[in-house]
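Visitor: Predicted model, plus sequence, below.
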2 protein chains.
Amino acid sequence: MNSIDFNTLLNFFKVLANESRLKLLGILSQQEYSVEELAAQLQLKEPTVSHHLNKLKELELVSMRRQGNTHFYSLNSETLTQLNKSIFTREQMASWTKDISAEAWEEKVLKNYLDGNRLTTIPASRKKRLVVLEWLVSKFEPEVTYTESQVNEIISCHHSDYATLRRELISYQFMERENGLYRRLPASLWKTETEIMKQKKF
Amino acid sequence: MNSIDFNTLLNFFKVLANESRLKLLGILSQQEYSVEELAAQLQLKEPTVSHHLNKLKELELVSMRRQGNTHFYSLNSETLTQLNKSIFTREQMASWTKDISAEAWEEKVLKNYLDGNRLTTIPASRKKRLVVLEWLVSKFEPEVTYTESQVNEIISCHHSDYATLRRELISYQFMERENGLYRRLPASLWKTETEIMKQKKF
DNA sequence: ATTCTAATTAGATATTTTTCTAATTAGAAC
DNA sequence: GTTCTAATTAGAAAAATATCTAATTAGAAT
């Protein structure tokens, strides 16, 4: 994780910006504990602690070891030291603003081409088409496989020319097709406009 | 700010854990801007931006320069680099847990000596008295000067022996007296129990 | 002095987040 | 298999936070 993007960082802060969770990290920095023990120390109910631990786990700040049906949690100090390094360099922060203006622009494009839930026309410009496709792929669940007719059906909710859009989703690598089954690719693999534009000929 | 305590750090995270404020830092990392300009960039109303800037200013993450009645805000990059250094060392985190157990103990003491809003007895032990005094000083506004009779009146709400308590607030340096006027000292100057205990004779 | 401008403060509303109870799951012990 | 235990998930209530409009302040320009 060399360059950490705006939303990831924001997420980190959101997770750390909570009394209970920060205390959990402090407690776990000493040794591992079970959920029950942690709940006692923090004077919270177990579901609450479980919920907090889950958020910490999502960011790999803690890890879990099960023994019987007791779950022992411990600190993942590597993630913290990683995080500690060079978050607030000028470069990093400048890169956030790129995200920001980019985001604003994308919203403007969407507003232009959408009428509520429906795509009025498919943008001619590659750059704008990309924005629309990114919006379209969000209508599919991640980690789910769809048949071609299911894909067509979903796209039809938003535009009549489902064939073109389906093909574009694949060629811009928002989705993949394997044995006639379609699946949304994880957002981390989506190409950004700039990456696509760099490839000149597509 | 060598050793940063639990609540200070928590506060930092709370301030940074907000989309608008993090964006503000990003934008300001490039150059200074007026409130109006910032509001336009973030698509928020000016009062909202003003509110966020205020939070950032409290932590000295940004500073302000006025020109006419335009306020220009800029990033205080020093604070960030400071903050960036060694937050998540084992030692740091271990010290939080001390804070945590200390806090828990203080709450127990208070619960023991308070009956709702009223102090049942003044604790004999210096350590516990300190806890009670810290609670008592929180009944005074920061940055406000009080006459002696105002001080007496406020203390009387919580215990009949206002004279002793008033004297103790001064001698433990929770408040200062100047020309017969009283003023609460900033929390950052309050002595912790351990500091007081180190002084042996008081 | 009056008016105008940019910012802030106050207070209301809307949204998000935390925490809880109740229900469910997964494994262990009987 | 049934029962018990520890944890998680679901869903509701409570608390904290963000955002807005309206009112106020402070300085500049007329």
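Guide: Ah, there it is.
Visitor: near chain B, which residues of chain A show up?
Guide: Neighbours of chain B within chain A, by Cβ under 8 Å from any Cβ of the partner chain: A:6, A:9-10, A:13-14, A:16-19, A:22-23, A:25-27, A:29-30, A:43, A:77, A:80-81, A:83-84, A:86-88, A:90, A:93-94, A:96-97, A:100, A:104. Where you see a C-beta, it was placed from the backbone N, CA and C, and this is true even at glycine.
Visitor: I would like a PyMOL command selecting only the buried ones among those residues, please.
Guide: Buried residues among those (16 or more other Cβ atoms under 10 Å in any protein chain shown), as a PyMOL selection:
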select buried, chain A and resi 6+9+10+13+14+16+17+18+22+23+25+26+27+29+77+80+83+87+88+93+96+97+100
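Visitor: The residues of chain A next to chain B also near DNA strand C: which ones?
Guide: Contacts with DNA strand C are made by A:14, A:17-19 out of those, judged by Cβ under 7 Å from any atom of the strand.
Visitor: Looking at those residues, spot the one nearest DNA strand D.
Guide: residue A:17 (7.7 Å; Cβ to the nearest atom of the strand).
Visitor: Tell me how far that closest one lies from residue A:77.
Guide: Distance from residue A:17 to residue A:77, counting by Cβ to Cβ, to the nearest Å: 20 Å.
Visitor: Give the other helices and strands that the strand or helix carrying residue A:167 contacts.
Guide: Residue A:167 belongs to helix A:162-171 when elements are defined using DSSP states H and E. Helices and strands touching helix A:162-171, by 3 or more Cβ pairs under 8 Å, 6 or more residues apart in numbering or on different chains; DSSP states H and E, are helix A:126-137, helix A:148-156, strand A:175-178.
Visitor: which of the ones you listed has the lowest average pLDDT?
Guide: Of all the helices and strands packed on helix A:162-171, mean pLDDT reaches its minimum on helix A:126-137 (a mean of 81).
Visitor: Start and end of stretch A:140-158, how far apart?
Guide: For stretch A:140-158, the first-to-last residue distance is 12 Å (Cα to Cα, to the nearest Å).
Visitor: residues of it that come out buried?
Guide: Neighbour counts using 16+ other Cβ under 10 Å place A:140, A:146, A:151, A:154-155, A:158 of stretch A:140-158 among the buried residues.
Visitor: Now render those residues as JSON lines, adding distance to residue B:163.
Guide: Shown next, in JSON lines, are the buried residues of stretch A:140-158 (distance: Cβ to Cβ, whole Å):
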{"residue": "A:140", "distance to residue B:163": "74"}
{"residue": "A:146", "distance to residue B:163": "79"}
{"residue": "A:151", "distance to residue B:163": "81"}
{"residue": "A:154", "distance to residue B:163": "77"}
{"residue": "A:155", "distance to residue B:163": "80"}
{"residue": "A:158", "distance to residue B:163": "77"}
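Visitor: burial measure for residue A:92, as a count.
Guide: Look at residue A:92: counted by other Cβ atoms under 10 Å in any protein chain shown, it has 17 neighbours.
Visitor: And it, which helix or strand is it part of?
Guide: Residue-wise, residue A:92 maps onto helix A:90-113 under DSSP H and E.
Visitor: okay, now residue A:110: neighbour count?
Guide: The local packing of residue A:110 (other Cβ under 10 Å) involves 15 other residues.
Visitor: ok so, going back, turn the buried residues of stretch A:140-158 into TSV, including distance to DNA strand D.
Guide: Putting these into TSV (distance: Cβ to the nearest atom of the strand, whole Å) gives the following:
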residue	distance to DNA strand D
A:140	20
A:146	22
A:151	26
A:154	23
A:155	28
A:158	27
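Visitor: And these, which two are furthest apart?
Guide: Based on Cβ to Cβ, the longest span within those runs between A:146 and A:158 and measures 14.9 Å.
Visitor: Switch the helices and strands packed on helix A:162-171 over to a markdown table; also include distance to residue B:47.
Guide: Shown next, in a markdown table, are those (distance: least, Cβ to Cβ, whole Å):
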| stretch | distance to residue B:47 |
| --- | --- |
| helix A:126-137 | 31 |
| helix A:148-156 | 42 |
| strand A:175-178 | 43 |
